[in-house]
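Chemist: okay, sequence plus prediction incoming.
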Amino acid sequence: MTETADRAPAACPAPDSAARGGSAMDDDDDMRPVYALLAGTLLAGLAACSSGTSVTSAAPVALHGPEPSPVPPRPAYVLTDTTGARYDFGARTRGHPTYVYFGYTHCPDECPTAMADLALVLRKVSPALRARTRVVFVTTDPARDTAPVLRRWLDQFSTSFVGLLGSPAEVGAAERASGVPVARPDGPIPTIAGHPDRHATEAGTAPHQHVGALGYAVAHSALIYAYDAANRLPVVYPGGVTPSEIAADLPILAHPAGSTK
């Protein structure tokens with residue numbers, strides 16, 4: 001994939017604009033688990049920019065995204081990776097700076113852009129730091145995202161990215177363990193006439209390809225969750241945070257205050 005320049009920081013677009021999220025998730029019932037986890041810091045951040053709500057922190061912060069308070073721990077859940085092996089998230093990523101995104105391969109905008117951004121983040125840091133860092137993508141569309149589909153899609157961005165899938169119950173359990181609202185099917189994705197696997201590309205969306213007809217959208221979280229080497233969630237990144245800003249925070253995630261890592 002061709003390296004892309006940093007996206008300029010931007011406010012969320014108007015509610016009818018596309019952003020880094022296949023579908024907005026702004027019902028109070030869906031947001032309540034996240035509010036509880038982040039103690040209100042994110043406000044409506046998980047609704048994706050299509051809710052028209054900006055994301056702010058309650059106080060000035062050292063990192064480039066909202067900082068949950070109190071800081072949640074790294075969650076524990078077990079799913080299946082794209083090789084068919086069981087993947088214990090807590091055990092396999094413990095002690096590593098780790099980025100997690102909950103999304104789906106048919107997503108027209110947020111998901112590919114988030115993955116492209118993280119691929120660029122890793123190209124901006126030292127080889128040693130890159131080797132320590134984990135990127136995990138959890139599909140919120142297990143009905144369509146089979147292991148081959150998920151692997152092919154992730155490889156557009158990096159062959160090092162871990163793809164995780166499971167039954168709807170398993171994925172929902174992982175979302176709840178992470179304080180993420182459980183994803184749900186949404187309306188159809190608008191496509192280009194005669195091309196059911198293609199859609200109009202919104203400004204700022206990373207280049208990508210889909211496997212098969214786009215079909216329905218999935219309402220899902222639109223944040224990148226960034227865990228540090230002390231196994232905490234000190235920061236999350238909504239759309240508009242650039243790869244350079246995320247990369248600037250990575251040494252802090254790798255060497256958090258008080259850590260011996």
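Modeler: All right, it came through fine. Numbers count the residues shown, from 1 in each chain.
Chemist: quick one: the helices in the stretch 101-250 of the chain?
Modeler: Taking DSSP state H, counting those that start in this stretch as the test, the helices found in the stretch 101-250 of the chain are 110-124, 127-132, 147-154, 168-177, 243-254.
Chemist: columns mean pLDDT on top of these, output as CSV?
Modeler: Converted to CSV, the helices of the stretch 101-250 of the chain look like this (pLDDT from 0 to 100):
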stretch, mean pLDDT
helix 110-124, 95
helix 127-132, 98
helix 147-154, 96
helix 168-177, 96
helix 243-254, 97
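Chemist: please identify which of those is closest to residue 88.
Modeler: Set against residue 88 and scored by Cβ to Cβ, those come closest in helix 168-177, at 11.4 Å. Where C-beta positions appear, they are placed from N, C-alpha and C, glycine not excepted.
Chemist: report the buried residues of the closest one.
Modeler: 170, 171, 172, 173, 174, 175 (16 or more other Cβ atoms under 10 Å).
Chemist: ok, stretch 100-111 next?
Modeler: Across stretch 100-111, burial judged by 16+ other Cβ under 10 Å covers 100, 101, 102, 103, 104, 105, 106, 107, 108, 109, 110, 111.
Chemist: and the residues you listed, which two are furthest apart?
Modeler: Across the buried residues of stretch 100-111, the two lying at the largest distance from each other (Cβ to Cβ) are 100 and 108, at 20.9 Å.
Chemist: my guess is residue 100 meets residue 161, correct?
Modeler: No: between residue 100 and residue 161 there is no contact under Cβ atoms under 8 Å: 10.9 Å.
Chemist: mutual contacts of the two, please.
Modeler: Counting by Cβ atoms under 8 Å, 6 or more residues apart in numbering, the residues touching both residue 100 and residue 161 are 136, 137.
Chemist: just the buried positions in stretch 148-166, please.
Modeler: Those would be 149-154, 156-158, 161-166, for stretch 148-166 by 16+ other Cβ under 10 Å.
Chemist: contacting residues around that stretch?
Modeler: 1, 79-82, 87, 89, 105, 112, 115-116, 118-119, 122, 134-139, 142, 145-147, 171, 174, 208-212.
Chemist: how about residue 223, nearest residue that isn't a chain neighbour?
Modeler: The shortest distance from residue 223 to any non-neighbouring residue, by Cβ to Cβ, 6 or more residues apart in numbering, is to residue 236 (4.6 Å).
Chemist: could I get the helices of the stretch 101-250 of the chain as CSV with distance to residue 67?
Modeler: Output for the helices of the stretch 101-250 of the chain, formatted as CSV (distance: least, Cβ to Cβ, whole Å):
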stretch, distance to residue 67
helix 110-124, 18
helix 127-132, 21
helix 147-154, 28
helix 168-177, 20
helix 243-254, 10
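Chemist: helix or strand with the lowest mean pLDDT in this structure?
Modeler: Ranked by mean pLDDT, DSSP states H and E, the weakest helix or strand in the chain is helix 28-38, scoring a mean of 41.
Chemist: residue 251: how many residues sit nearby?
Modeler: Residue 251 has 13 neighbours, counted by other Cβ atoms under 10 Å.
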